[in-house]
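my questions are about this predicted structure, shown below with the sequence.
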Amino acid sequence: MYESHPFPAYTDKFRKAAEEMYLKMRLLGIPEAEYTGANILDCGCGTGEFTCWYASQGTQLTAIDLSRPSIEQARSYAAEYELSDRIDFRQMSVLEMDLPDSTYDLVYSYGVLHHTPDPVRGFDHMVRVCKPGGVVIVSVYSLYSRFLHRIRQRLINRIAGDDVEKRYRWGKRLFPLTARKLKLRAHDDSDAVLYDQFSIPHESLHTVGEVLGWFDKHGLDYTGAFGPLRLKDYLYAACLPEYEQIETTFEGSVLARVASRCLKSLSRLFGFRPDKAHRFERPSALSRFVVQIGWFFLGLRFSCFSIAGRKPSESG
């Protein structure tokens, strides 16, 4: 599907990435010094919006993707911003990474592994190619989000079967309001986001506890998450100057706007300050449960969650 309909197709990819990335890195517990000038691997670069954002921070990247049309768009986009000399684009599957062990300071995959038949295998490769002491970031669909959207997807699939074009047409016909909101939130003038949401051939859903289990398997130390996995960390997020940049994503959702205003009010009430040395503790089972229930009510606004962990150093 992505061969025919490369995604994302945002009008301004750089704006879309920058809208969340400064806050995202802060909440993942990764200081700027760790990704400025680092050697980074992008596992599933798509059309290159996150790749180019990292490259704009002075990093060197290897960016892989299975879709050649997506890579070509990403390469063209990088050239437009004069970032080509910092990015090595390669057509490659995240499940079959032909890359050497312990090579990269930071390895990330945003919204990709859940579209593969074996997310754990992809994650194992990510850890393998990360240097000791380096950071791994993974972002996947939450089991507790997009409930109404999954009902829409099942209805569309029942009507249209496996035909990608029919799924897209039926989705647009049956759910015009959802289609309009998806395009508005993505700043996407094309219909690529509708193919991504209505026509995707395969996706899996995951819980926070499950993904933390992937990290534990390799002994990765939890550094943070986006969205945060403790209520205290949401209050901390609301006090950060970077938080202002993501509030535009709440447009069109009354519940999300109300939740955002409540967080900011509570953050001020409890005296939270933007301390750059803030450490994010691993969430308890109760915290994970409460947060994921919150994601359920926010729906598409928290369709994916990201977790970061540090690979043990060779010295242990």
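Perfect, I can see it now. Residues are numbered from 1 along each chain as shown.

of all the residues in the lowest-mean-pLDDT helix or strand in the chain, which ones are buried?
When the helices and strands of the chain are scored by mean pLDDT, DSSP states H and E, helix 243-246 comes last with a mean of 78. Neighbour counts using 16 or more other CB atoms under 10 Å place 243, 246 of helix 243-246 among the buried residues. Where C-beta positions appear, they are placed from N, C-alpha and C, glycine not excepted.

and the next helix or strand past that helix?
Later in the chain than helix 243-246, the nearest helix or strand by DSSP states H and E is helix 254-269.

one step back: which strands and helices sit next to the least confident helix or strand of the chain?
helix 13-27 (3 or more CB pairs under 8 Å, 6 or more residues apart in numbering; DSSP states H and E).

what helices or strands is the helix it packs on leaning on?
When contacts are defined as 3+ CB pairs under 8 Å, 6+ apart, helix 13-27 packs onto helix 49-56, strand 221-226, helix 231-238, helix 243-246.

residues touching the second one, excluding its own?
Taking CB atoms under 8 Å, 6 or more residues apart in numbering as the criterion, the residues outside strand 221-226 that touch it are 20, 23-24, 27-30, 135, 139, 208, 212, 215, 233, 280, 282-283, 305-310, 312.

same check, this time on the shortest one
When contacts are defined by CB under 8 Å, 6+ apart, helix 243-246 is touched by residues 18-20, 22-23, 237, 264.

tell me which two of those residues sit farthest apart.
Between any two of the contacts of helix 243-246, the greatest separation by CB to CB is 21.1 Å, found for Ala18 and Lys264.

in three-state terms, label Glu82 for me.
Under the three-state scheme (DSSP: H, G, I helix; E, B strand; the rest coil), Glu82 adopts coil.

just give me the neighbour total for it.
Number of residues near Glu82 (other CB atoms under 10 Å) recorded here: 10.

Tyr168 now?
23.

tell me who's in contact with it.
Contact analysis of Tyr168 by CB under 8 Å, 6+ apart lists 191, 194-195, 198-199.

closest one of these to Gln292?
Phe198 (24.6 Å).

if I look at the closest one, how far off is Val140?
Phe198 sits at a distance of 19 Å from Val140 (criterion: CB to CB, to the nearest Å).

same check, this time on Leu286
As defined by CB to CB, Leu286 lies at a distance of 22 Å from Val140.

who has more neighbours, those two?
Val140 (28 against 9).

quick check: that one touching Leu113?
Yes. Contact criterion CB atoms under 8 Å: Val140 and Leu113 qualify, at 5.6 Å.

what touches both of these two?
Jointly contacting Val140 and Leu113 under the rule CB under 8 Å, 6+ apart are Pro119.

spatially nearest residue to the residue positioned nearest the centre of the chain (excluding sequence neighbours)?
By CA atoms, centre = their mean, the chain has its centre lying nearest to Tyr110, at 3.7 Å. Here the nearest residue to Tyr110 in space, its sequence neighbours aside, is Ser139; by CB to CB, 6 or more residues apart in numbering that works out to 4.4 Å.

mind telling me what element that neighbour is part of?
Here Ser139, judged by DSSP H and E, is contained in strand 130-141.

which is the next helix or strand following that strand?
Where DSSP H and E defines the elements, the next helix or strand beyond strand 130-141 is helix 147-160.

list the buried residues of the next helix or strand after that following helix.
For helix 147-160, the succeeding helix or strand toward the C-terminus, using DSSP H and E, is helix 164-174. By neighbour count on 16+ other CB under 10 Å, the buried set for helix 164-174 is 164, 166-172.

I appreciate the help and will end here.
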